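Asker: Dropping a prediction and its sequence here:
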Amino acid sequence: MNSIRRSKTWQISAVISDILREDERYVKNVETLLRSDHTLPFIARYRKEMTGDMSTEKLYKIKEQVNRLDNLSKKIEKSITDIEKLGSLTPQLSQAISSCTSTAMLEQVTAAYKPDKKKSKAEQAKNAGLGSVAEQLINGYQIDFKSLVGTHANLKSVKNVVEGTKDILIDIVRTNKFVLEWCERVSKAKDNFIECSMSKSKQESDDKKDKFDQYFDFKRNTGSLKHFQVMAINRGEKLKALSVKINIANHAENVIKRECMKVLSKVCDNNLRNETVNDACSRLIFPMVCRRIRSSLTEGAVESSIDVFADNLKHLLLTRPVKGISIMALDPGYKHGCKVAVLDKQGNVLKTEVVYLQLSGSVTKKASRFRNQDEAKLQKLQAELGFKTIAIGNGTACRETETTIARMIKEKMLHEGTKYTVVDERGASVYSVTPLAQQELPNLDTNLRSAVSLGRRVLEPLSEYVKIEPQHLGVGQYQHDIAQKKLSTRLEDTVSEAVSFTGLDINTCSLHMLQKIAGLTKARAQAILDTRSSIGHFHNREQIKSIKGIGPKSYEQCIGFLRIYPDQLTGSSNDKGGSEEACAAVKGKTGKRKLTSSSKGTKSKLQKLDVSFLDQTSVHPESYHIARTLLREQGLRQEEIGSEAFVAAMKQLKPGDITEECDEGTKHCILTALSQRTDTDYRDQFARPIFKSNVLCAESLTVGTELEGRVSNVTHFGAFVDVGLERDGLIHISKMNRMTVCLGNRVKVRVEKKDHKGIGLYLLEILA
């Protein structure tokens, strides 16, 4: 029996290339890199030549498929082993199992051979000695069924013999490799149909109204079905509001039947052949295809939902920070007042307060009584601390608070030039009760912590959003209908990408940010911070190598995303990194460097600190020799990196000017890194918050009015835009004007519809 065993008959890179429609060479390279423990941010930035400059989104798709197919390979091996132990493994069955490229297909092929399952009809017929009979029929031999009556206890009549033989033939047909391939093709075709109707339980209930009523009489071909419709139908069925049916296209059914006929083409008895194929198709094959169609639709919808969530999260994390300002954050409220936190440029808390503003719609007598004095508190805070920017949370009482602030600006109760922005407060209350919040803000009430979080989301959004589990940020769709492990893995990769591409100053970064860098874990990040604490500052990237827990692979993956800025090192008066003892703490017994902080003059001091000016760029240490050769040949000095003259000179260079042997991807990476100022922020290319000084009223809007706003969420069916109203307007997917928007985009829109349900918008232009 061992002679017929076999493993999968396909190559992972070939399958992925076919599914994702990517060049198989690049797919194979990415697979190799992933199996060598390379991270996605590292591959995307430093291995462009090997991947054909794939985006991180494409790299993630390949990673996901590699993991899926690895798991499938294990399941194939286990299925073959289990069926072999049952004594039921045949060459044809082994080939069918080995050819499966999806878990759904594998489950269909092996459904009748589960170890703990009652023997199938085909197995029972084989035990009765009809296996050889079926083989003879397939090979064109005539069989006298009467002569087989009584040869086994279960073969008491001709009917028993015929039915048993048919069961074996059906099993052969349904596990045929080519039949399965056609079934898979049909399941992915776009001309099958899905029908939905009101479920029986819903029909019997008194309340016929339902949020799924648009699907109570619904029929659509699967090719035109939208992902959000698939998710809605699945949810409606789960809640027993809908009954769902899949119909295979007639021509597709005929194709499958024709393929089944080919398997039995040599069977002489036409009636037997036709009955076998009809029974196999109606009872087993067509239901299998319907289930596969349904699972394929769900898989596509889930993938799309995860993609939307990840893309929204990425753009939220990479919101452009507003630097160099102090800010007052307001977390609105009625009964318990508005929580106020004033922050300095670095996000440190200067002062907190609770004020009771006169809010429209509020019935709180306390708010009315203290209106003037509490508005005066805000004036006093501004006079004392000098902020001109206000962040207002978009939760309860947001609109009323916004109106009050706008009035105070208009009446010049606040300084000239004061502006406000509305901040999404989802997740702020979750953060306020976390151990991290208690550690950062130990003396503040949880409500005041939320206000602090709102302000920091404007000053340094990435650092603040990373503290919160992505699922709590409210930028996903149908996230509770998706496998949480799969969703979490994708979102973790998205967070790592955002933090890594932004880059961190290793001498100032926090643990919660550092642990998100590609190649690092919480333990490795903590080891780096412990070392930093013991030596004062890191002076070069090389020092990271000798930290316990940071092996060659971890160092390779993370170091390009960590920065060391020389100008910060010369200004440190308490730097312990200058002593031989501190150096030994990092380098151990093999340390050769003598770091010093007592030298006179910035240049000589940096030289004695053994600082590399390339450490402040995104050039990877593995390419330092190439970068140094380039600078030497161009007559440029490393000390000038980031200066206007240096950047201007670098922008004139082309990949061909790099004489050291390396691939085009590395040349591009080096030139890009050295053509930027050292204070360039990766997030500068993304949208920043919209600041306002007055309030837009829905009553003043008319159809045709043109507005500017910011995309607050993206879904399968369109995008929501904050145009300054109490509720966000919706640009339906049909009103996108053939454009694609991302969360955070500043857009110009036209009011298309206005009713009690909300504001319908038409996209005119993407401004930023």
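Answerer: Arrived safely, thanks for sending. Residues are numbered from 1 along each chain as shown.

Asker: Now residue 344. Its backbone dihedrals?
Answerer: Summarising the backbone geometry of residue 344 under the convention degrees, to the nearest 10, its torsions are phi -80, psi -170.

Asker: check contacts around it.
Answerer: Taking CB atoms under 8 Å, 6 or more residues apart in numbering, we find residue 344 in contact with 326, 350. In this view, the C-beta of every residue, glycine as well, is placed from N, C-alpha and C.

Asker: Distance check, it against residue 237.
Answerer: The gap separating residue 344 from residue 237 is 54 Å, by CB to CB, to the nearest Å.

Asker: now residue 245
Answerer: When CB to CB is applied, the distance between residue 245 and residue 237 equals 11 Å.

Asker: Residue 129 now?
Answerer: 45 Å.

Asker: How about residue 388?
Answerer: Look at residue 388 and residue 237: by CB to CB, they are 54 Å apart.

Asker: ditto for residue 258
Answerer: 32 Å.

Asker: Which of these two has more residues huddled nearby?
Answerer: Neighbour tally, residue 258 and residue 237, criterion other CB atoms under 10 Å: the higher count belongs to residue 237, 17 against 11.

Asker: pull the helix or strand with minimum mean pLDDT from the chain.
Answerer: helix 580-587 (a mean of 41; mean pLDDT, DSSP states H and E).

Asker: Could you list the low-pLDDT ranges of this structure?
Answerer: 1-8, 115-117, 206-209, 358-371, 570-609 (pLDDT under 70).

Asker: next one: the lengthiest helix in it to chain centre, how far?
Answerer: In the chain, ranked by residue count with DSSP state H as the criterion, the top helix is helix 286-317. Distance of helix 286-317 from the chain centroid (CA atoms, centre = their mean, to the nearest Å) equals 12 Å.

Asker: swap in stretch 664-671?
Answerer: Shown here is stretch 664-671, whose average C-alpha point lies 27 Å from the average C-alpha point of the whole chain (CA atoms, centre = their mean).

Asker: Flag every buried residue along that stretch.
Answerer: Burial within stretch 664-671, assessed by neighbour count using 16 or more other CB atoms under 10 Å, is assigned to 665-667, 669-671.

Asker: Now do the helices in the stretch 151-300 of the chain.
Answerer: Taking DSSP state H, counting those that start in this stretch as the criterion, the stretch 151-300 of the chain contains helices spanning 158-174, 177-188, 200-204, 227-238, 250-263, 270-280, 286-317.

Asker: looking at these, which is buried most?
Answerer: Among those, the stretch with the highest mean neighbour count (mean count of other CB atoms under 10 Å) is helix 158-174, at a mean of 22.

Asker: Between helix 250-263 and that one, find me the angle.
Answerer: With axes from the mean of the first three to the mean of the last three CA atoms, to 10 degrees as the criterion, the two stretches helix 158-174 and helix 250-263 enclose an angle of 110 degrees.

Asker: which residues sit against helix 158-174?
Answerer: Looking at what lies outside helix 158-174 - CB under 8 Å, 6+ apart - the contacts are 92, 112, 120-122, 124-126, 128, 130-131, 133-134, 137-138, 143, 145-146, 148-149, 154-155, 179, 260, 263-264, 267, 272, 275-277, 279-280, 283-285, 288.

Asker: What of stretch 9-25?
Answerer: The contact list for stretch 9-25, computed with CB under 8 Å, 6+ apart, reads 27-28, 31, 52, 54, 58, 61-62, 65-66, 69-70, 95, 98-99, 101.

Asker: and what of stretch 288-305?
Answerer: Residues lying outside stretch 288-305 but in contact with it, judged by CB under 8 Å, 6+ apart, are 104-105, 108, 174, 183-184, 186-188, 192, 194, 222, 225, 227-228, 230-231, 234, 244, 246, 248, 256, 476-479, 481-483, 486, 716.

Asker: can you list the helices of the stretch 151-300 of the chain in a markdown table and add distance to residue 648?
Answerer: Shown next, in a markdown table, are these (distance: least, CB to CB, whole Å):
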| stretch | distance to residue 648 |
| --- | --- |
| helix 158-174 | 70 |
| helix 177-188 | 53 |
| helix 200-204 | 70 |
| helix 227-238 | 47 |
| helix 250-263 | 63 |
| helix 270-280 | 74 |
| helix 286-317 | 31 |
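
Asker: Show me the one of those that comes nearest residue 759.
Answerer: helix 227-238 (19.9 Å; CB to CB).

Asker: What distance do you get for the residue of the chain positioned farthest from its centre to residue 750?
Answerer: Largest separation from the mean C-alpha position in the chain: residue 147, at 64.7 Å (CA atoms, centre = their mean). When CB to CB is applied, the distance between residue 147 and residue 750 equals 83 Å.

Asker: Report the spatially nearest residue to residue 725, omitting neighbours in sequence.
Answerer: The shortest distance from residue 725 to any residue that is not its chain neighbour, by CB to CB, 6 or more residues apart in numbering, is 5.3 Å, and that residue is residue 698.

Asker: could you pull out the strands for the stretch 501-650 of the chain?
Answerer: Along the stretch 501-650 of the chain, the stretches classed as strands by DSSP state E, counting those that start in this stretch are 504-505, 562-563.

Asker: Of all those strands, which one is nearest residue 395?
Answerer: Ranking the strands of the stretch 501-650 of the chain by distance to residue 395, with CB to CB as the measure, places strand 504-505 first at 30.9 Å.

Asker: Can you give the contact residues for the closest one?
Answerer: In this structure, residues lying in contact with strand 504-505 by CB under 8 Å, 6+ apart are 513-514, 517, 561-565, 568.

Asker: Looking at those residues, which is nearest residue 433?
Answerer: Minimum distance to residue 433 across the contacts of strand 504-505 is 20.6 Å, recorded for residue 513 (CB to CB).

Asker: show me what contacts the nearest residue to residue 566 once chain neighbours are set aside?
Answerer: On the basis of CB to CB, 6+ apart, the spatially nearest residue to residue 566 that is not a chain neighbour turns out to be residue 611, at 4.8 Å. If a contact means CB under 8 Å, 6+ apart, then residue 611 has 539-540, 564, 566, 569 as its contacts.
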